[in-house]
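**Student:** Any chance you could fold what I've pasted below:
(chains A and B, ligands or ions: 2)
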Amino acid sequence: MENLFTVTVTVNGRQYERAIEPRLLLSDFLRHELGLTGTHVGCEHGVCGACTILFDGQPVRSCIMLAVQANGHEIQTVENLALDAKPENLHPLQVGFWEAHGLQCGFCTPGFLMTLLPFLEEHPDPSEEEIREAISGNLCRCTGYQNIVDAVKLAAGKMQETQAGPGGAA
Amino acid sequence: MTTRYLGKPIKRNEDPQLLTGQAQFVDDVDLPEMLHVAFKRSDYAHARIVSVDVEAAKAMPGVIAVYVAEDLGDYWQPSPLLVPPPPAQHVVFNERTAGQLAKDKVRLVGEPIAMVIARSRYLAEDAAETIFVQYEPLDPVMDLEAALAEDSALVHEGVGSNVAAHVIQEKGSYETARAEADVVVSRRMLYDRGASAPMETRGVVAHYDALSQELVVWDSTQAPIPIRNGLASMLGLSERQVRVIAPFVGGGFGPKIMMFYPEETLIPWAAIRLERPVKWIEDRREHFYATTQERSQLHDSEIALTRDGKILGMKDVFLHDTGAYIPYGLTVPLNTQCTLLGPYVVPHYYSEFRAIFTNKTIVTPYRGAGRQQGVFVMERLLDLAAKEMEMDPLELRRQNFIPPDQFPWNNEIIYQDFSELTYDSGDYEPILDKAMDMIGWEDFRENEQPRLRAEGKHVGIGLVMYVEGTGIGPYEGARVHVESSGKVTVVTGVGTQGQGHYTSFAQVVAEALGVPPEDIAVTTGDTGQFDWGTGTFASRGAVVAGSAIHAAAEMVREKAIQHAAEHLEAREEDIELADGFAQVRGSPDARVSLAELAANANPLRGAVRPGTEPGLEATAYFGPEMGATANGAHAIILEVDPETFDVKVHRYVVVHDCGTLINPLIVAGQVHGGVAQGLGNAFYEQLVYDDASGQLLNASFMDYLLPTSETVPRVEVGHEETPSPLNPLGVKGAGEAGAIPVGPAFAQAIEDALADTDIEILEIPLSPNRLFEIVRRATTET
Ligand code: FES
Ligand code: FES
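**Tutor:** Ligands and ions are numbered 1, 2, ... in the order given. Sure thing, here's the model as predicted:
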């Protein structure tokens, strides 16, 4: 193919080097080049938030970024939250969603989790209003949001416990 | 017997996979050598196709093939009619369904004209853009009434008009009722179109293995088994050669039950022809055109009552927009006809509708499936009648409830499952009382509202009722199997789109076998595992598939008990199942694991006793004789901003009776999500078409607003449980209840909030703009 650019990106702590077309979306790069299909694509125009990832620690929408823009940057996707799907290995945020029934079809969920991760770091004890504002850029068609709000409250409590607990942060 | 797992708010088995990004959705399927599809779709709502030039596209880099209708040969065919018209007396039905690719004419924007297959989606889209279609534009048919004019353009010339169907259903004689009535209220009401907009769009991946001659299709469908059966017959394959998998599906809400979408038959066809895996994933823009929509209806309705508020009869004549084709038959308008009656005694009923072809996206059921419109008409007319008679609107409802000792109640009209619409059970007054109580009706009216009004706030309250047919036939089936490892597997044909079937079905089996639900693996929607059944629609998963699973689990239980009795030398009556063991009641040491029983039941040598089946396994089917009717009340308190006409919902209460609850956590979640969708439908979401050009003007999430976390209120849910007598679990469907009556509740509360203006809300969806216009019109007219 004409015009391939080589990019080096660190995703979930692992370095990848790929030769890609400059127009390749970051979301497609993660999903189809790297096979990290936990990041979902709901609209491809930056509104639904399903494709949210952490880009140098900041939540961004991977569907409105090009993969070449990630050259030399660090990315975290939902796959980085837990070692595997064993209940004992889940991140407290994931456990919060599980216990509060904060997901139905689960398609939007990875985007919510990645949006909330930095939010909870900055707001360890958020109010309902703060939570609702934090997730107002993520669309969920199944839950009506209230269980997501409850899940965040639950997770915030759990994360504080883990932090205060003997082992320190998980 | 006390239940151990049924009725408990158990966490979902499927969640860890979903939470870690490991659950597989259609777009996650990646196969070596896979090709990608983009469609050239119609730019016009209504036009003749003069020519299609695909030569440039074929020459584009990475393009493997480009197909137009002619290339399909005999494979080109109008999709099968999914539901035939009902055997009612006055029914005209003009069947028109769409072929996979448009031939001579396009009838909606987005109708597929050519399929491009390339090495990547990017390349396929590049090539699709070069396809040149020469059109001869025709007038688009957009407006329901104008479509009936003599000189209107015709969506299907062969039909001779734009009438897709005409149905009259009648119970008693409305004319007689009207003649006896003291009060008659009639209005025109409009319910407009919305999109179901699941967060995952549709998608299909097909892979044909020439060696094993097997076709595997991953499809985001709600109905994998019928898709398998249809594909096999269309492609000339045996049903054994086709496997359809509906993996994790990111929301369905009805439109994913539609079949066959053109893409569903084209992608497998191309995969066979090219002997390479082929993938198509709908993008969000395509979704706004190519995935079915619903709701648009125009009603002229009338209610006749006695002076003291007894309903004598109803008359409802409506136009139903079916879009450019009518593949799903009359399910939606029939639901409207039937759901309109609600929980009330309506002695005389005249209902007539015409389904109209328009040059818009095809209409098929979307969560509620016509029920919204019926409930809107009935509840609005009751409110208006109450106002006219200066009666309390809730008192008027209460007076007309079907008494609890009158069930089963036959409404004497034909329902979507073609049986007479009969309510199996219900008790409506406690539901009304509970909803009033939960929302604090009296207190709000007497204290809070006057206080807030004195502060200049425009607050209003609304409360409406509904009855919903759920859990219709024909049947579902399931197989329950205890493996020799002790693991329990359940397979059933219905697909799942987030309703928690992996958990609620596990609970049903857990109850019978005494195995914790987390140790029960449920597989749904894979025809390679189970291939009898129809699909997930009409709130029927828990009712019909759940009952089949219950029956299969009971059969396994009996087998296990028989084997255990023999093994433990005890009487069958004394055996109980718990924690993965069969034990003799009262002597817990005398026990044997289900694993061992399963292994013994499937011996490698010796003989299985004649007349018995090997293994701890059973397959069962369940077909309800008729649908189970759920019912409920929605209550709302909201505030209208008199400057911006924005509406803020302060409280939302749902009291509903969906029979026995398998998992209250899941049912409440269904209600929350339904209400959110209902509120979107009431105030944010409207598909805006330009009547002159036929173009959809808001085909993106930037312009078509889905409710967000800042607009959806908390929903308080109250459950009543009147078990359905129609199935062994006593369940009724719950999937649609949250969405159905939101519109009229919203409308009633808005009228109440703006009581000083005397407005009447006779349309849904509203918006701040629209509300402003309605208020302005009402205040300048008076
Ligand atoms: S897919 Fe990126 S915001 Fe919707
Ligand atoms: S859980 Fe389905 S979209 Fe959020």
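**Student:** For the rest of this, base every contact and every neighbour count on C-alpha atoms.
**Tutor:** OK.
**Student:** Next, give phi and psi for the residue in the stretch 101-250 of chain B that ligand 2 sits nearest to.
**Tutor:** Proximity of the stretch 101-250 of chain B to ligand 2 (Cα to the nearest ligand atom) peaks at B:Met199, 5.1 Å away. Per-residue torsions, B:Met199: phi -70, psi -30 (degrees, to the nearest 10).
**Student:** which residues does residue 126 contact?
**Tutor:** All of this is about chain A. Going by Cα atoms under 8 Å, 6 or more residues apart in numbering or on different chains, A:Pro126 touches A:120, A:153, A:156.
**Student:** Not quite, go with chain B.
**Tutor:** Each residue near B:Asp126 by Cα under 8 Å, 6+ apart is listed here: B:Met60.
**Student:** isn't there a helix covering it?
**Tutor:** Yes. Assessed by DSSP: H, G, I helix; E, B strand; the rest coil, B:Asp126 belongs to a helix.
**Student:** Distance-wise, check it relative to ligand 1.
**Tutor:** Distance, B:Asp126 to ligand 1, using Cα to the nearest ligand atom, to the nearest Å: 21 Å.
**Student:** Check B:Asn335 too.
**Tutor:** From B:Asn335 to ligand 1 the distance is 34 Å (Cα to the nearest ligand atom).
**Student:** Give the helix, strand or coil label for that residue.
**Tutor:** What three-state DSSP gives for B:Asn335 is helix.
**Student:** my read: it touches B:Ala369, true?
**Tutor:** Yes. Assessed by Cα atoms under 8 Å, B:Asn335 is found in contact with B:Ala369 at 6.7 Å.
**Student:** What parts of chain A come near ligand 1?
**Tutor:** Contact residues, chain A versus ligand 1 (Cα under 6 Å from any ligand atom): A:41-51, A:61-63.
**Student:** and residue 161, how many neighbours?
**Tutor:** No chain was given, so I picked chain A. Neighbour count of A:Glu161, defined by other Cα atoms under 10 Å in any protein chain shown: 14.
**Student:** that's the wrong chain, I meant chain B
**Tutor:** Neighbours around B:Ser161, by other Cα under 10 Å: 19.
**Student:** State the pLDDT value of it.
**Tutor:** pLDDT, B:Ser161: 97.
**Student:** What sits closest to it if chain neighbours are left out?
**Tutor:** B:Leu154 (6.2 Å; Cα to Cα, 6 or more residues apart in numbering or on different chains).
**Student:** Distance-wise, check B:Val204 relative to ligand 1.
**Tutor:** If you go by Cα to the nearest ligand atom, the gap between B:Val204 and ligand 1 works out to 19 Å.
**Student:** Pull up the gap between that residue and B:Thr361, please.
**Tutor:** Here B:Val204 is placed at a distance of 20 Å from B:Thr361 (Cα to Cα, to the nearest Å).
**Student:** pLDDT on the longest helix anywhere in chain B, on average?
**Tutor:** Counting residues, the longest helix found in chain B (DSSP state H) is helix B:546-568. Average pLDDT, helix B:546-568: 90.
**Student:** What helices and strands are in contact with that helix?
**Tutor:** Here helix B:546-568 touches strand B:476-482, helix B:501-513, strand B:575-578, strand B:581-584, strand B:587-593, helix B:594-600, strand B:616-622, going by 3 or more Cα pairs under 8 Å, 6 or more residues apart in numbering or on different chains; DSSP states H and E.
**Student:** B:Glu716: neighbouring residues, count only.
**Tutor:** 18.
**Student:** thinking it is in contact with B:Val654, fair?
**Tutor:** Yes. Using Cα under 8 Å, B:Glu716 makes contact with B:Val654 at a distance of 6.2 Å.
**Student:** List the residues that contact the residue nearest to B:Ala633 when sequence neighbours are not counted.
**Tutor:** Distance criterion Cα to Cα, 6+ apart; nearest residue to B:Ala633, sequence neighbours excluded, is B:Met465 at 4.4 Å. Applying Cα under 8 Å, 6+ apart to B:Met465 gives the contacts B:342-343, B:379, B:432, B:631-634, B:741.
**Student:** Check which helix or strand residue 155 maps to.
**Tutor:** Assuming you mean chain A. Using DSSP states H and E, the element containing A:Ala155 is helix A:146-164.
**Student:** right idea, wrong chain: chain B
**Tutor:** For B:Val155, there is no host helix or strand (DSSP H and E).
**Student:** which ones are touching it?
**Tutor:** B:Val155 makes contacts with B:46, B:107, B:141, B:162, B:324, B:357-359, as judged by Cα under 8 Å, 6+ apart.
**Student:** repeat for A:Trp98
**Tutor:** By Cα under 8 Å, 6+ apart, the contact set of A:Trp98 is A:151, B:11-12, B:15-16, B:19.
**Student:** Dump these into a markdown table; add neighbour count, secondary structure and distance to B:Ala512 as well.
**Tutor:** Output for those, formatted as a markdown table (neighbours: other Cα atoms under 10 Å in any protein chain shown; DSSP: H, G, I helix; E, B strand; the rest coil; distance: Cα to Cα, whole Å):
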| residue | neighbour count | secondary structure | distance to B:Ala512 |
| --- | --- | --- | --- |
| A:Ala151 | 24 | helix | 31 |
| B:Lys11 | 19 | coil | 19 |
| B:Arg12 | 23 | coil | 19 |
| B:Asp15 | 27 | helix | 23 |
| B:Pro16 | 22 | helix | 25 |
| B:Leu19 | 30 | helix | 29 |
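**Student:** Identify, from those, the entry nearest to ligand 1.
**Tutor:** Among the contacts of A:Trp98, and counting by Cα to the nearest ligand atom, the member closest to ligand 1 is B:Leu19, at 17.4 Å.
**Student:** and the closest one, what does it touch?
**Tutor:** So B:Leu19 contacts A:78, A:85, A:94, A:98, A:106, A:109-110 (Cα under 8 Å, 6+ apart).
**Student:** between those residues, which is closest to B:Val508?
**Tutor:** A:Trp98 (20.5 Å; Cα to Cα).
**Student:** Name the SS class of the closest one, please.
**Tutor:** Strictly by three-state DSSP, A:Trp98 counts as helix.
**Student:** Roughly how far does it sit from ligand 2?
**Tutor:** 12 Å.
**Student:** can you check B:Ala734 too?
**Tutor:** For B:Ala734, the distance to ligand 2 - Cα to the nearest ligand atom - is 16 Å.
**Student:** So that residue is in contact with B:Gln670, correct?
**Tutor:** Yes. Between B:Ala734 and B:Gln670 a contact is recorded at 7.0 Å, counting by Cα under 8 Å.
**Student:** Which one (most neighbours) among the contacts of A:Pro126?
**Tutor:** A:Lys153 (23 neighbours).
**Student:** and that one, what pLDDT?
**Tutor:** 97.
**Student:** which residues in chain A form strands?
**Tutor:** Taking DSSP state E as the criterion, chain A carries its strands at A:5-11, A:14-20, A:52-55, A:58-61, A:74-76.
**Student:** JSON lines please, covering those and showing mean pLDDT.
**Tutor:** Listed next are the strands of chain A as JSON lines, based on pLDDT from 0 to 100:
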{"stretch": "strand A:5-11", "mean pLDDT": "97"}
{"stretch": "strand A:14-20", "mean pLDDT": "97"}
{"stretch": "strand A:52-55", "mean pLDDT": "98"}
{"stretch": "strand A:58-61", "mean pLDDT": "97"}
{"stretch": "strand A:74-76", "mean pLDDT": "98"}
